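Undergrad: Dropping a prediction and its sequence here:
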Amino acid sequence: MLELTLQTMPFLLEGFLNTILISLAAISLGSFVGLVLGLGRTVGPKPVQNIIGLYVHLVRATPFLVQIYIVYYVLPTTKLSIFDFSNFMAAVIALTIYTSSYTAEIVRGSLEAVPKGQWEAAAAVGMKMRQRLLNVILPQAWKLTLPPLAGVYVLVIKGTSILTVIGVVELMRQGEDAIHRHPAHIMWILFLVASLYFIYCFPILRGIKYMEKKIAAKGARSVAGDAQW
Amino acid sequence: MADGTAQNDVLVKVEGLSKIFKTADGRTINALTNVNTFVDRGEVVAIIGPSGSGKSTLLRTMNGLETISEGHIHIDGIDLADKKTDMNALRADVGMVFQHFNLFQHKTSLENITLPQTLVRKRTKAEADQIAMDLLRQLGLDHLANNYPSQLSGGQQQRIAIARALAMQPKLMLFDEATSALDPEMVGEVLDLIKGLATDGMTMCLVTHEMNFAREVCDRVIFMDAGELVETGKPAEFFAKPSTDRAHQFLDKVL
C-alpha cells in the first residue's frame, strides 16, 4: 500500500496542482465578477438589474456539466476566434461564470441585509451612491458574505472534478488514470484523491468559522478600523 | 421686495404636492393629496396627525427620500421635483433625524459626525474633527467620542445623530418622530436639544407625537389626516380651538 501510495502520489499531485490553479483562478475572477454583478443587481438601473437577474438564474438553474460542454464544445462551433480556447481556459471560464452567479446572489443578499436605515442615513447626509456603498454599506455587508462564500468556494473546488469530461489534467482525472493502471486498488486510490480534496477544502471551511468567531467577538467594533475601502 | 409686496422669507414652499404609492399587488395608495404649505426661515413647524396620515411622507419628500408624484417642493429656490436637481447637494443642506437614529454602526460617534463632512463637504479631517468635537462638547457627549453606537443609550445615539446633521451646517432640519423610539426617561434630553436649536433660530420641521412640545416650542402646527393637510395654525389657537372636526377628534384622543 505504501509503495502504491508513493508511486501514484506524484502523479496525483500533478493533477492536484492544476485543481488548485484552476479553482483559485475561477474563485478570484468569479468573485470579482460576482461582486460587480451583485452591486449592479442591487443598485443598478432597472434594465441592468433584470439582465443580471436573468444571467444569475440561467447559470444557477442549469447543471455545471451542461455549462462546461457549452463553453468547450458549443461556443467554438461559432468559429469565432475568441471562443477558440484550450480546455484549461474553457475550464477557468466555465467555473468563473458558475462562481460569479452564486457570488452575485450572495452579494445582493448581504447588501439587502444591511438595514434600510443605514442606506437612508447615508443618502440623507448627501453622499453619492458610490460613497454610500464604499463608506457605509459595504463595510457592514462584506462580513455577511463570508460564510456563504466559503460554501460556494468549496463547491467550486469540488466542481473541478467534473472537468475531467473535457480532458483537463486535474486531480480527478489523474485519479481515474491511476485506477485504470491499478484497478485492484480503486478503493485506496479514491481514498487518496478524496483526502487531497479534503485537505484543500477543510481549512477554508475552518478558516471562515474562525473569522466569523473573530468578527462576532469584536462585536460592535466589528471591522471598523481595518475595512477602509 | 422690488414689487412692493411684503414677503416673508420663505425657505420651503410646498405646492400641490401629491404622492402616490404603488403596492406590490398593483393597487395605488394616495399618501399625499394636493398638499400646499410653506416654512419660513427660522420657523419651527410641527407636523401632527394620526398614523398613516402622510406626515412622515411629507417630511421625507422634503429631502428626496420619497419622490414627488405631482406638484413641487422648493427649498431655498431649488425645485425638488426637477429631474435635473442634484439631490445629493440638496440633502447636504437639509439635515434629517430619524426615529431609529440610523447612526453608522461601524463608526464611532466622532466618525459618524466627521464622515459626511469629509465626504460631502470636502473638509479636511482636522477641520471635521474640530467641528465634531466642538459639537460633542456643546452637547456634553465628548466623553463618548470613541464609542460605537451599540455602546450608547438611545438618547445618546439620537443626540449624536442630531450632531451629525448639524455638523453639515444645514439650512433646514427635519425630524421624523425623533423621540418615538426612546425610553421615556430619555425623551427629555433630546427634546431639550431640539428646543435649544429652536432658540438658536434653526429652521425645523418635526413630525412628532409630543403634543406638549409642539405647543411649547413650535411656531406653527400642521395637522394632517388621510394624506391631506387639514388645518394649520399657531399652536395656542390650534390646541385650544381647532377649526376642523377632524383635528378636534384627533386632539380629543391624544390630549
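TA: Received, thanks. Just so we're clear, the structure is a prediction, and the values are computed from it rather than from any experiment.
Undergrad: what's near enough to touch whichever residue of chain A sits closest to chain B?
TA: Here chain A gets closest to chain B at one residue, A:Gly126, 3.2 Å apart by CB to the nearest CB. From N, CA and C alone the C-beta is placed, and that goes for glycine too. A:Gly126 is in contact with B:88-93, B:116, B:120, B:168, counting by CB atoms under 8 Å, 6 or more residues apart in numbering or on different chains.
Undergrad: If you rank those residues by neighbours, which is first?
TA: B:Pro116 (28 neighbours; other CB atoms under 10 Å in any protein chain shown).
Undergrad: In which helix or strand does A:Leu58 reside?
TA: Assigned by DSSP states H and E, A:Leu58 belongs to helix A:46-60.
Undergrad: How about residues contacting the following helix or strand past that helix?
TA: Using DSSP H and E, the helix or strand that follows helix A:46-60 towards the C-terminus is helix A:64-69. Helix A:64-69 is contacted by residues A:59, A:90-91, A:94, A:97-98, A:159, A:162-163, A:165-166 when judged by CB under 8 Å, 6+ apart.
Undergrad: Need the buried ones from those selected in PyMOL.
TA: Buried residues among the contacts of helix A:64-69 (16 or more other CB atoms under 10 Å in any protein chain shown), as a PyMOL selection:
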select buried, chain A and resi 59+90+91+94+97+98+159+162+163+166
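Undergrad: What about the contacts of helix A:64-69, which are in strands?
TA: Per DSSP state E, strands hold no members of the contacts of helix A:64-69.
Undergrad: Now tabulate the contacts of helix A:64-69 in JSON lines and tack on distance to B:Leu172 and pLDDT.
TA: As requested, the contacts of helix A:64-69 are arranged in JSON lines below (distance: CB to CB, whole Å; pLDDT from 0 to 100):
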{"residue": "A:Val59", "distance to B:Leu172": "48", "pLDDT": "95"}
{"residue": "A:Ala90", "distance to B:Leu172": "59", "pLDDT": "94"}
{"residue": "A:Ala91", "distance to B:Leu172": "59", "pLDDT": "95"}
{"residue": "A:Ala94", "distance to B:Leu172": "55", "pLDDT": "96"}
{"residue": "A:Ile97", "distance to B:Leu172": "49", "pLDDT": "96"}
{"residue": "A:Tyr98", "distance to B:Leu172": "51", "pLDDT": "96"}
{"residue": "A:Gly159", "distance to B:Leu172": "56", "pLDDT": "93"}
{"residue": "A:Ile162", "distance to B:Leu172": "60", "pLDDT": "94"}
{"residue": "A:Leu163", "distance to B:Leu172": "61", "pLDDT": "94"}
{"residue": "A:Val165", "distance to B:Leu172": "65", "pLDDT": "92"}
{"residue": "A:Ile166", "distance to B:Leu172": "64", "pLDDT": "93"}
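Undergrad: wouldn't B:Leu182 be in contact with B:Gly155 here?
TA: Yes. Because the distance of 5.8 Å satisfies CB atoms under 8 Å, B:Leu182 is recorded as touching B:Gly155.
Undergrad: any shared contact partners between those two?
TA: Here B:Leu182 and B:Gly155 have B:Val190 as joint contacts, going by CB under 8 Å, 6+ apart.
Undergrad: Which residue, other than its chain neighbours, is closest to the residue in chain B positioned nearest to chain A?
TA: Proximity of chain B to chain A (CB to the nearest CB) peaks at B:Ala92, 3.2 Å away. Among residues not flanking B:Ala92 along the chain, A:Gly126 sits closest, at 3.2 Å (CB to CB, 6 or more residues apart in numbering or on different chains).
Undergrad: Around chain A, which positions in the stretch 101-250 of chain B sit nearby?
TA: Proximity of the stretch 101-250 of chain B to chain A, by CB under 8 Å from any CB of the partner chain, involves residues B:101-108, B:111, B:115-116, B:119-120, B:148-151, B:161, B:164-165, B:168.
Undergrad: Identify, from the contacts of A:Gly126, the entry nearest to B:Asp40.
TA: Top of the list for closeness to B:Asp40, among those and by CB to CB, is B:Asp93 at 16.5 Å.
Undergrad: What residues does the closest one make contact with?
TA: Counting by CB under 8 Å, 6+ apart, B:Asp93 touches A:126, B:75-76, B:168, B:170-172.
Undergrad: Among those, which ones are in strands?
TA: B:75, B:172.
Undergrad: I'd like to know which of the contacts of B:Asp93 are buried.
TA: Buried among these (16+ other CB under 10 Å): A:126, B:75, B:168, B:170-172.
Undergrad: how far does the longest helix belonging to chain A sit from the chain's center?
TA: Ranked by residue count and defined by DSSP state H, the top helix of chain A is helix A:2-43. Centre-to-centre, helix A:2-43 and its host chain are 8 Å apart (CA atoms, centre = their mean, to the nearest Å).
Undergrad: Make CSV out of the contacts of B:Asp93 and add distance to A:Tyr153 and pLDDT.
TA: Shown next, in CSV, are the contacts of B:Asp93 (distance: CB to CB, whole Å; pLDDT from 0 to 100):
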residue, distance to A:Tyr153, pLDDT
A:Gly126, 38, 96
B:Ile75, 49, 96
B:Asp76, 52, 95
B:Met168, 42, 97
B:Pro170, 46, 97
B:Lys171, 50, 96
B:Leu172, 49, 97
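Undergrad: Could you single out the nearest of the contacts of B:Asp93 to B:Phe38?
TA: Looking across these and measuring by CB to CB, the closest to B:Phe38 is B:Ile75, at 10.8 Å.
Undergrad: what bridges to the closest one?
TA: Counting by DSSP bridges, B:Ile75 is bridged to B:Val12, B:Ile78.
Undergrad: tell me the angle the least confident helix or strand in chain A by mean pLDDT makes with helix A:2-43.
TA: Scoring the helices and strands of chain A by mean pLDDT, DSSP states H and E places helix A:186-218 at the bottom, with a mean of 88. On the basis of axes from the mean of the first three to the mean of the last three CA atoms, to 10 degrees, helix A:186-218 is oriented at 40 degrees to helix A:2-43.
Undergrad: Now do helix A:186-218: distance to the chain's middle.
TA: Using CA atoms, centre = their mean, the offset of helix A:186-218 from its chain centre is 15 Å.
Undergrad: and the contacts of B:Asp93 as CSV, adding distance to A:Phe191?
TA: Shown next, in CSV, are the contacts of B:Asp93 (distance: CB to CB, whole Å):
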residue, distance to A:Phe191
A:Gly126, 61
B:Ile75, 72
B:Asp76, 75
B:Met168, 65
B:Pro170, 68
B:Lys171, 73
B:Leu172, 71
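Undergrad: Using the three-state scheme, assign the residue nearest to the spatial centre of chain B.
TA: Chain B has B:Leu174 as the residue nearest its centroid, 1.3 Å off, counting by CA atoms, centre = their mean. Counting by DSSP: H, G, I helix; E, B strand; the rest coil, the backbone at B:Leu174 sits in strand.
Undergrad: wait, doesn't it sit right on B:Asn63?
TA: Yes. Counting by CB under 8 Å, B:Asn63 is a contact partner of B:Leu174 at 6.2 Å.
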